[in-house]
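J.: I'd like to go over a predicted model; first the sequence, then the structure.
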Amino acid sequence: MSIVHTSLFCHAPIVVPAVGGRRGDAAARTTAAMAALAAEVVRRAPDVVIVVSPHTPRVPDALPLLARGLDADFVDFRADVRFGLPGIADEAGLIAAARDVGVALEPIRVRRLDHGAAVPLFFLHDAGWRGPTVVIGLPHPDVDDALAIDEALGRALRAWGHGLRVALVCSGDGSHRLTPDAPAGFHPEAATFDQAMLTLLQQGDDAGVRWLDPALREVAGEDIVDSVVVGASAARHARRRRVLSHEHPFGVGYTVAVLDDVDDGEGLAAPSASLVALARASLVAALRGDPPPPLPDAPRDDDVDGSGAWGVMVSWHRRDDGALRGCLGHVPLRAGLQETVREMAVAAATRDPRFAPVDADEVDALVATVTIVGRPDVIDAVTDAHDPDHDGLMVRAGSRQGLLLPDLDGVDSAGQQLRITLEKARIAPGEPALLQRFRARSITEARP
């Protein structure tokens, strides 16, 4: 899984226009920022949206999970606003990924979504989001080490869902005690908390957020820190961090921010669904002994020049456990993008020297992934700033060369990515070699 965007939404129902009415005009900056942020999330074209809500009902020995379809309304806030969003098909896979890192996720049922999830999702739905959506709650207050669970949940989210692009939405509000008329009353140190939190967010100091003074958090009456900790630990970065808005018109701190934005295209067009369909049709035809399928009509921006593709890889994975069954490509391209996908779909399944050839009986148990590779940049060394979740790596020494795509299961560090890539190229550690870094965008076949 690749977390392509991580955001922080406030969850005050009054910022929903139908709820706030004229009174909500006092939070107009927040409402506008929420709408802008939701549109940005939708533009990133995630496959799944995961919302972390501090108000989802908590359970004693697990984290609550809502993943089988969501219904939201604002009837309790006297507004006739209702909407629904689909869940995910692989609830069991998400639960298993969490279990592997020591976190129990427990599916729960609710009559309607809590406002911690419903408010951000209202803005996403209003921006056009209709895709699979998951809500995850936070640890029960009786848990001794909630911070450890929050961080482990971040690892679980990153491990789940091969090939999926995920947008992570963190829901939270700052201090609830900023003014004498605040719902939770006033505390003179509440503003200190909000200012500290805002500064840490702007500076990208996620460690500082984790270790904010518990006594200060207590007097503030906040519910923002745990959600941000989950988001920051899952993303593991603070790229392009931006605070879009911060205000407290009703005595509660409303912060709207981008926590991490991969923006991984950088001029690289997203692969189209027609490419994975072409990959499957090509393999099926080859295994039947039929001629290759015709190339589909494509707009100009789906060819080599328009897409920004410098190379392309096609891989096949087992649908049940995600295990690789073959991966080959041309980097750089030697022909058109579609023509190369058609060729490499067959080659990856039948001529990858690491695996036995795929046979006709196995095809239905596999899923195809097409990865467009952008033009690489030469780098002097692989440093800690190199991100194996989003940066691919190529190495070359003479005629020996190796390539490793980003966001591969089991590749968790830049050093590990370099070691594996050198091994693929049969280049010894320390041997002089050309290092190149590239970005890539993938699409994985949707199979029932």
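T.: Alright, I've got the coordinates.
J.: buried residues in stretch 411-424?
T.: In terms of neighbour count (16 or more other CB atoms under 10 Å), stretch 411-424 has its buried residues at Val411, Ala414, Gln417, Leu418, Ile420, Thr421, Leu422. The way it works is simple: take the backbone N, C-alpha and C, and place the C-beta from them, glycine included.
J.: Quick check: next helix or strand after the lowest-mean-pLDDT helix or strand in the chain?
T.: Sorting the helices and strands of the chain by mean pLDDT, DSSP states H and E puts helix 304-307 at the bottom, at a mean of 41. Downstream of helix 304-307, the first helix or strand assigned by DSSP states H and E is strand 311-318.
J.: which residues touch that next one?
T.: 162-163, 279, 283, 323-333, 337, 340-341, 344-345, 347-349, 358, 365-373, 403, 405, 440 (CB atoms under 8 Å, 6 or more residues apart in numbering).
J.: Now it - C-alpha only, CSV.
T.: Only the C-alpha atoms of strand 311-318 are listed here, as CSV (Å, rounded to 0.1, in the frame of the first residue of the first chain):
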residue,chain,number,x,y,z
GLY,A,311,9.7,2.9,-18.9
VAL,A,312,7.0,0.4,-17.8
MET,A,313,6.9,-2.7,-15.7
VAL,A,314,4.2,-5.4,-15.6
SER,A,315,3.9,-7.7,-12.6
TRP,A,316,1.6,-10.6,-11.7
HIS,A,317,0.8,-11.4,-8.1
ARG,A,318,-1.3,-14.1,-6.5
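J.: Name the next helix or strand downstream of it, please.
T.: Downstream of strand 311-318 (by DSSP H and E), the next one is strand 324-330.
J.: what lines up beside that next one in the sheet?
T.: Neighbouring strands of strand 324-330 in its sheet, by DSSP bridges, are strand 311-318 (antiparallel).
J.: Next up, phi/psi of the closest residue to Ala281 other than its chain neighbours, please.
T.: Among residues not flanking Ala281 along the chain, Pro293 sits closest, at 4.3 Å (CB to CB, 6 or more residues apart in numbering). Dihedral pair for Pro293: phi -70, psi 150, per degrees, to the nearest 10.
J.: for the closest residue to Ile224 other than its chain neighbours, what are its contacts?
T.: Once flanking residues are discounted, Ile224 sits nearest to Gly172: 3.3 Å by CB to CB, 6+ apart. Applying CB under 8 Å, 6+ apart, we find Gly172 in contact with 8, 10-11, 54, 116, 222-228, 255.
J.: how about 10 Å then?
T.: Neighbour list for Gly172: 8-11, 52-55, 116, 120, 138, 197, 222-228, 230-231, 253-255 [criterion: CB atoms under 10 Å, 6 or more residues apart in numbering].
J.: Now do it against Leu85, distance only.
T.: Applying CB to CB, to the nearest Å, the value for Gly172 to Leu85 is 20 Å.
J.: ok, now Glu431?
T.: Glu431 is 52 Å from Leu85, by CB to CB.
J.: burial count for the spatially closest residue to Leu408 that is not a sequence neighbour?
T.: Closest residue to Leu408 apart from its sequence neighbours, by CB to CB, 6+ apart: Pro388 at 7.5 Å. Using other CB atoms under 10 Å, Pro388 has 22 neighbouring residues.
J.: quick one: Pro388 and Ala440 touch, right?
T.: No: the criterion here is CB atoms under 10 Å, and Pro388 misses it with Ala440 at 11.8 Å.
J.: intersection of neighbour lists for those two?
T.: Leu405, Pro406, Asp407.
J.: Can you list the low-confidence ranges for the stretch 151-300 of the chain?
T.: Applying pLDDT under 70 to the stretch 151-300 of the chain picks out residues 162-163, 263-270, 297-300.
J.: Do a quick rundown of the helices in it.
T.: Listed in chain order, the helices of the stretch 151-300 of the chain (DSSP state H, counting those that start in this stretch) span 190-203, 206-210, 214-220, 225-235, 273-288.
J.: Kindly compare burial across those helices and name the winner.
T.: Mean neighbours per residue, mean count of other CB atoms under 10 Å, is largest over the helices of the stretch 151-300 of the chain for helix 225-235, with a mean of 25.
J.: Show me what it packs onto, helices and strands only.
T.: In terms of contacts (3 or more CB pairs under 10 Å, 6 or more residues apart in numbering; DSSP states H and E), helix 225-235 is packed against strand 2-9, strand 48-52, helix 146-159, strand 165-171, helix 190-203, helix 206-210, helix 214-220, strand 254-261.
J.: Ile149 reaches Leu63, doesn't it?
T.: Yes: when contacts are counted by CB under 10 Å, Ile149 is listed as touching Leu63 (7.2 Å).
J.: circling back: neighbour count: Glu431 and Leu85, which is higher?
T.: Leu85 (21 against 12).
J.: returning to what we had before: filter the contacts of strand 311-318 to the buried ones?
T.: 162-163, 279, 283, 324-331, 333, 337, 340-341, 344-345, 347-349, 358, 366-373, 403, 405, 440.
J.: Pick out whichever of Ile149 and Leu63 has more residues nearby.
T.: Leu63 (26 against 23).
J.: Would you agree that one is in contact with Gly154?
T.: No: if you go by CB under 10 Å, Leu63 and Gly154 don't touch, sitting 11.9 Å apart.
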